[in-house]
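Undergrad: below: sequence and its predicted model.
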Amino acid sequence: MSIVIENLSFVYNEGTPFEVWALKEIDLRIEDGESIGIIGPNGSGKSTLAQHLHGLFKPTKGRVLIGDREPVGIHPGVGFVFQSAEDQFFARTVHEEMQLGYQNFGLSQDQFKDKALEALEMVGLSADIFLRSPHSLSDGEKRRVAVAMTLILGPKTLILDEPTLGLDPLNAKKILEGTKKLNHEKGVTFILISHRMEEILEYCSRVLVMDRGKIIGDGPPQDLFIQEIETLIRLGMEPPWLVRFLTGFKAKGYNIKYKTLNPEEISKGVLEALQG
Amino acid sequence: MIKIENLGYSYSQSGGVSALRRIDLEICEGEFIALIGPSGCGKTTLAKCLNGILTPSCGQVLIDGLNTASKEAKWTIRQQVGIVFAHSENQLIGGTVEEDIAFGLENIGMEPSLMRQRIDETLGLLSLEEYRDFPPHLLSDGQKQVVAIAGVLAFHPKYLVLDRATELLDPGAQRRVLEIVQRLNRKGMTILLITHSMEEIFLAQRVVVMDQGKKILEGEAKEIFAHPIVEGLGLSPPLSFRFITSLRQRGLDVSEDTMMSTEGVLKAICP
């Protein structure tokens, strides 16, 4: 299920003094099974773009095709985990909370429990959480339940909007590894919005850089972060340490070869470059 | 000096699970300490015990010899120990940024001319001058959090506790706030930085690791990662640390103290 965006523009508060063009003439094609990171400063249009990828927002201009068709309402094949989605929990148990979303999509209740446990397991949670109150969970567990609630719907495309914000490394890892595994093993398209460029480097093979409603960069993160380092810094982003190091190393006249931005591989390259 | 002795805390009166168990820790004046550990390990509970928001269930906390359990001492302790929490922006109440920063200072009855001076200085320090007359609720979450930090710094606290205080900030703003914190530390302010960022702990002279309410490890950042227990908590070293370790293993003379600074490493390896 590819997603095609043609000449997409979106305006908030049209015709009022608060009118803002959040997206400006965007063209984009997302193939089945890709893993894409979206970065950019606050207000650059990342979340607004993502909202178009599952049909919550309708374009002001242009069009969005999800699997060759313009979506009518929210597309059932696209799962969206909103920022701090756990803030909306209100049921008495994790079981009820998960069941509500599932029912809303009109899915059969027969397999609910198996699917729910499978979804929880994907983010490293065990069955004993099922009967607990969602409000008694730690921040990390709550966020993982929120992700599982989307996974239970069996999305073909998964969009995560800052899923690790405020989490400790272990919880962050469980979410990213679990969802990335779906991308690897089942070919689910993976779209990650994050300010943490290290995450994009580790989990995405393509990155989109957004600024003021436009996509100003599109490519593999390990190349693009280095080529566009000055732009990224100007936009207030913090390129990963190794990227900043390599830029400085290059400025001193050394070029090294590497396939991935892996610390051990880079250090080998550095030694070879120094030995000439 | 902050002296934490045999500190225990339980949220339930009937003695359910303890959030803190028998913690001993001394923080000397001018130190920069990082506190890490998985969610729910007790970091925030510990922070709340440092200025008497929570009173210990057992043991005691002494701030320059004053016991946080003493009602009379709290007034003084709270001016000495400034705490910024992860979502302090929810506590902003002033009609403008300036009024919000003034709120705490007014509460302790600070003389108006000194208050004016403190506000100007803090707005300048955190580059908030242009927002002086701005209503805080119209700022972004990250900007609100910087205002919350300003409100605490205006007190000139002797001890500054940052409980994941920069988490909501965008990466550039995060770096700027941490640079300011380092500068304040060099001028003598004692810092306790509670964080989930394994890069940030290299700013500290000493790192304390907590798990399940206990202090389980203490040492310099580079020593922490050598310990097998840390990996099990999901606390893996940052890529920069792995890179420098790898350079050292290949025989290059790079000090681990150059962590955080790419310039430091470049200077060490490039002839």
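TA: Perfect, I can see it now. Residues are numbered from 1 along each chain as shown, chains lettered A, B, ... in the order given.
Undergrad: what does chain B have sitting close to chain A?
TA: Residues of chain B lying close to chain A (CB under 8 Å from any CB of the partner chain) are B:37-40, B:86, B:140, B:142, B:164, B:167-168, B:170-175, B:196, B:198-199, B:233-236, B:238-240, B:242-243, B:246-247, B:250-252, B:262-263, B:265-266, B:269-271. Bear in mind the C-beta positions are built from the backbone N, C-alpha and C, glycine included.
Undergrad: quick one, domains of chain B?
TA: Segmentation of chain B into domains, based on automatic domain parsing, reads B:2-237, B:238-271.
Undergrad: can you give me the end-to-end span of the first one?
TA: Read that as domain B:2-237. 29 Å (CA to CA, to the nearest Å).
Undergrad: likewise the shortest one?
TA: In terms of CA to CA, the two terminal residues of domain B:238-271 are separated by 26 Å.
Undergrad: got a list of what the closest residue to residue B:27 other than its chain neighbours touches?
TA: Nearest residue to residue B:27 in three dimensions, chain neighbours excluded: residue B:2, at 4.1 Å (CB to CB, 6 or more residues apart in numbering or on different chains). Residue B:2 makes contact with B:25-27, B:50, B:61-63, B:81, B:159, B:190, according to CB atoms under 8 Å, 6 or more residues apart in numbering or on different chains.
Undergrad: residue B:2 pairs with what?
TA: As for beta bridges, residue B:2 partners with residue B:27, residue B:63 under DSSP bridges.
Undergrad: re earlier: worst average pLDDT in the domains of chain B?
TA: Ranked by mean pLDDT, the domains of chain B bottom out at domain B:238-271, with a mean of 86.
Undergrad: in it, what counts as buried?
TA: Of the residues in domain B:238-271, B:238-247, B:252, B:254, B:258-260, B:262, B:265-266, B:269 count as buried by neighbour count, 16 or more other CB atoms under 10 Å in any protein chain shown.
Undergrad: check stretch B:13-30 too.
TA: If you call a residue buried by 16+ other CB under 10 Å, then stretch B:13-30 has these buried ones: B:18-21, B:23, B:25, B:27.
Undergrad: and stretch B:166-179, by the same measure?
TA: By 16+ other CB under 10 Å, the buried positions in stretch B:166-179 come out as B:166-174, B:176-178.
Undergrad: neighbours of residue 153, how many?
TA: Picked chain A for this. By other CB atoms under 10 Å in any protein chain shown, the residues close to residue A:153 number 18.
Undergrad: not what I meant, chain B
TA: Counted by other CB under 10 Å, the residues lying close to residue B:153 total 22.
Undergrad: and if you look at the one 10 residues further on?
TA: Counted with other CB under 10 Å, the neighbours of residue B:163 add up to 22.
Undergrad: surely it meets residue B:85?
TA: Yes - here residue B:163 reaches residue B:85: they are 4.9 Å apart, a contact under CB atoms under 8 Å.
Undergrad: what touches both of the two?
TA: Residues touching both residue B:163 and residue B:85 by CB under 8 Å, 6+ apart: B:44, B:47.
Undergrad: in chain A, which residue is closest to the centre?
TA: Taking CA atoms, centre = their mean, the centroid of chain A lies closest to residue A:192, which sits 1.2 Å from it.
Undergrad: next up, the contacts around that one.
TA: With contacts taken as CB under 8 Å, 6+ apart, residue A:192 has the following neighbours: A:35-38, A:160, A:163, A:176, A:199-200, A:203-204.
Undergrad: so which of those belong to helices?
TA: Members of the contacts of residue A:192 lying in helices (criterion: DSSP state H): A:176, A:199-200, A:203.
Undergrad: what is the nearest of the buried residues of stretch B:13-30 to residue B:121?
TA: Using CB to CB, residue B:27 comes nearest to residue B:121 of the buried residues of stretch B:13-30, at 25.5 Å.
Undergrad: residues contacting the closest one?
TA: B:1-2, B:4, B:33, B:159, B:190, B:192.
Undergrad: hmm, which helix or strand of chain A has the shakiest average pLDDT?
TA: Taking mean pLDDT, DSSP states H and E as the measure, chain A has helix A:94-104 as its least confident helix or strand, at a mean of 88.
Undergrad: what's the closest residue to residue A:216 other than its chain neighbours in contact with, if anything?
TA: Leaving aside its sequence neighbours, residue A:216 sits nearest to residue A:209 (CB to CB, 6+ apart; 5.4 Å). Residue A:209 makes contact with A:39-40, A:215-218, A:224, A:228, A:231-232, A:235 under the criterion CB under 8 Å, 6+ apart.
Undergrad: so residue A:209 bridges to which residues?
TA: residue A:39, residue A:217.
Undergrad: quick one: it and residue A:105, what's the gap?
TA: 33 Å (CB to CB, to the nearest Å).
Undergrad: just the buried ones from the contacts of residue B:2?
TA: Among those, those classed as buried by 16+ other CB under 10 Å are B:25, B:27, B:50, B:61-63, B:81, B:159, B:190.
Undergrad: check which residues of stretch B:180-191 are buried.
TA: Buried, per 16+ other CB under 10 Å, within stretch B:180-191: B:181, B:184-185, B:189-191.
Undergrad: again with stretch B:195-213
TA: Buried-residue list, stretch B:195-213, by 16+ other CB under 10 Å: B:195-204, B:206-211, B:213.
Undergrad: so how far does that stretch reach from one end to the other?
TA: Start-to-end span of stretch B:195-213 (CA to CA) is 16 Å.
Undergrad: got it, and stretch B:196-206?
TA: Start-to-end, stretch B:196-206 (CA to CA) is 15 Å.
Undergrad: quick one, strands of the stretch 51-200 of chain A?
TA: A:61-66, A:78-81, A:157-161, A:189-193 (DSSP state E, counting those that start in this stretch).
Undergrad: dump the C-alpha coordinates for the first one into CSV.
TA: Below are the C-alpha coordinates for strand A:61-66, written out as CSV (Å, rounded to 0.1, in the frame of the first residue of the first chain):
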residue,chain,number,x,y,z
LYS,A,61,-5.0,21.9,-2.2
GLY,A,62,-3.6,18.9,-4.0
ARG,A,63,-4.3,15.3,-3.1
VAL,A,64,-3.2,12.3,-1.1
LEU,A,65,-3.6,8.7,-2.4
ILE,A,66,-3.4,5.9,0.1
